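Undergrad: Requesting a structural model of the entry that follows:
(one chain, ligands or ions: 1)
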Amino acid sequence: MSNTSFSEESFFYDQKTESTIPLFEFNISNSKKRVSYHRNNDTINYHYGPFHPMKPFRLRLTDHLVTGYGLHNIMDLYEVDIESNQNINLIENKILKFHSLEYINFLKNLNDNSDQENKKYLIKNDIDDNDCPIFHGLYRYCLNYTSTTLSAINAIKQQKSDIAINWSGGLHHAKKFKPSGFCYLNDIVIGIMDLLKTHSRVLYIDIDIHHGDGVQEAFYMTDRVFTISFHKYGGYFFPMTGSLEETGVAKGKNYCLNVPLMDGIKDFEYTQLFKSIIGPLVESFNPECIVLQCGTDSLGYDRLGTFNLTVKGHGECVKFVRSLGVPLVLLGGGGYTPINVSRAWCYETGIANDVILKEKLPDNLPFKKYYSPDYSLYPHLGDSILNDLNSKSFLNDTRIRLLEQIRTLQGAPSVRMDNEYIPSRDLQDLMLYLKKDDKEVLEYDDIYDLDMEKSEKVLEKERIIQMLKEDSRADFF
Ligand SMILES: [Zn+2]
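TA: So this is what the prediction gives:
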């Protein structure tokens, strides 16, 4: 035999074949779940202001990556439409289960009120309009992301999906009476309150770098929602809550956990701690649904964050929660370096679908140049990361203390469908708003789930592809 062989260089796909090669492959575990992707095309059209770190445009980048990798072909797509008045009324009914009527009226009338009237409300309620600026169309923006979360919750309630995703949601700081930390409506609280009508126990997990204070506060007195937040704690870091000592009160005592961390934590330490706490917690609390807030400001090099997680480390938490086999809602949250936000949420959309995405980014991305020089879905962190201030003994002590608290649970609370979690202070406002008695409110609620379907539609693939790939102005960065 001669030594002649095919040249390695000639052994490649031709151009035609290359364009049809999928950019993902199914994982060998093959644990396929029904996944739905919920979105609203209008949400990215709002702008917090040129110097504000929150950029709704990061959602467009995420959509581009998701479709670039072809993930839209393997999941259900829902476009939420809030155009009709009827839909808006139904959504507002849900919103008022948590937020006060006065606050909702303020948001609704921002554009009609005089600047003076608005300023008066801001001062009276101690609202920081640098963090939470009033911008054109603000209320519509809020309705958009909140109704999209409700659409995801609905897919779980109706058992149409095992995993429902809304990357525009997860605005965990908003309070009953006011906005906080770039969050106006708390879509998470509104969504979980809706879920509690059909699910007796819900676990809320928060991996944003900031404490999930708004969600913790809403469910602090109930054992039907367990809240756990992993976050940076110390000094003046926003929102300055979330210590180990905050564990719930009254019936909610011990149904709240906080994992306060210091700057610089890395993948291995974070994911080890995460798994060692979440595993026993799920076993003990036995939730019927998990809502996971996937804020990406915990990634390295975030504009506001100070952790050192990589896209893969962040996604490992999603992978672990998925493996627990409980119906799951994935929401967005913080994340202030848009290209990294989109990398992480695309990777996590892949995890939800149990596929492995190729490291090299797809070719036809409209904003591909922003991902230079590596054009990778999983870039390495590099050397200029912050020092890890979390010592082994600090992390170990934290773990021991949290596991002790989980042990005191002694199993899951019995199935109850009561509504003591609903903050009662504004019930009167709610009644006034609806001009109906308590009984009628419940009936009004019961028909909601059917009507919600009017607000969302499963899109034909062609339409969504066109919409997702829509080019947008780069000045949204
Ligand atoms: Zn955050």
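
Undergrad: nearest spatial neighbour of Leu138, skipping sequence neighbours?
TA: Nearest residue to Leu138, sequence neighbours excluded (Cβ to Cβ, 6 or more residues apart in numbering): Leu110, at 5.8 Å. Glycine gets a C-beta too; all of them are placed from N, C-alpha and C.

Undergrad: For the one you found, give its distance to the ion.
TA: Leu110 sits 24 Å away from the ion, going by Cβ to the ion, to the nearest Å.

Undergrad: So that residue is in contact with Ile134, correct?
TA: Yes - between Leu110 and Ile134 there is a contact under Cβ atoms under 8 Å: 5.6 Å.

Undergrad: okay, and the common contacts of the two?
TA: Common neighbours of Leu110 and Ile134, counting by Cβ atoms under 8 Å, 6 or more residues apart in numbering, are Asn118.

Undergrad: quick one, strands of the stretch 101-250 of the chain?
TA: Using DSSP state E, counting those that start in this stretch, the strands of the stretch 101-250 of the chain run over 163-166, 202-206, 225-232.

Undergrad: Need the winner for burial among those.
TA: Mean neighbour count (mean count of other Cβ atoms under 10 Å) peaks for strand 163-166 among those, with a mean of 30.

Undergrad: And the contacts of that one?
TA: Under Cβ under 8 Å, 6+ apart, the answer for strand 163-166 is 33-39, 145, 148-149, 151-153, 155-156, 187, 322, 327-332, 349, 352.

Undergrad: go on, stretch 400-412?
TA: Applying Cβ under 8 Å, 6+ apart, the contact partners of stretch 400-412 are 201, 244, 247, 254-255, 257, 259, 276-277, 280-281, 284-287.

Undergrad: mind checking how far that stretch is from the chain centre?
TA: Relative to the centre of its chain, stretch 400-412 is centred 26 Å away, using Cα atoms, centre = their mean, to the nearest Å.

Undergrad: And the average pLDDT for it is what?
TA: Summarised as a single mean, pLDDT over stretch 400-412 is 90.

Undergrad: before we move on, the earlier item: quick one: the strands of the stretch 101-250 of the chain as a markdown table, columns for mean pLDDT and distance to the ion too.
TA: Shown next, in a markdown table, are these (pLDDT from 0 to 100; distance: least, Cβ to the ion, whole Å):
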| stretch | mean pLDDT | distance to the ion |
| --- | --- | --- |
| strand 163-166 | 98 | 17 |
| strand 202-206 | 98 | 9 |
| strand 225-232 | 97 | 8 |
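
Undergrad: In a markdown table: the ones you listed, plus distance to Phe57.
TA: Shown next, in a markdown table, are the strands of the stretch 101-250 of the chain (distance: least, Cβ to Cβ, whole Å):
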| stretch | distance to Phe57 |
| --- | --- |
| strand 163-166 | 17 |
| strand 202-206 | 24 |
| strand 225-232 | 25 |
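
Undergrad: Quickly find the element holding Val329.
TA: Assigned by DSSP states H and E, Val329 falls within strand 328-331.

Undergrad: Oops, could you answer that again for Val291 instead?
TA: Assigned by DSSP H and E, Val291 falls in strand 289-293.

Undergrad: Just the CA coordinates for that strand, please, in CSV.
TA: C-alpha atoms of strand 289-293 as CSV (Å, rounded to 0.1, in the frame of the first residue of the first chain):
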residue,chain,number,x,y,z
CYS,A,289,-43.4,24.1,41.0
ILE,A,290,-40.0,25.9,41.0
VAL,A,291,-39.6,29.5,39.8
LEU,A,292,-36.0,30.2,39.1
GLN,A,293,-34.9,33.8,38.7
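
Undergrad: distance of the residue nearest to Asp42 when sequence neighbours are not counted from Asn85?
TA: Among residues not flanking Asp42 along the chain, Asn144 sits closest, at 5.6 Å (Cβ to Cβ, 6+ apart). Per Cβ to Cβ, to the nearest Å, Asn144 is found 16 Å from Asn85.

Undergrad: partner residues bridging the spatially most central residue of the chain?
TA: The chain has Leu331 as the residue nearest its centroid, 2.0 Å off, counting by Cα atoms, centre = their mean. Counting by DSSP bridges, Leu331 forms beta bridges with Asn166, Gln293.

Undergrad: so it touches Cys294, yeah?
TA: Yes - contact between Leu331 and Cys294 holds when scored by Cβ under 8 Å: they sit 6.6 Å apart.

Undergrad: between the two, what contacts are shared?
TA: Taking Cβ under 8 Å, 6+ apart as the criterion, Leu331 and Cys294 both touch 167, 170.
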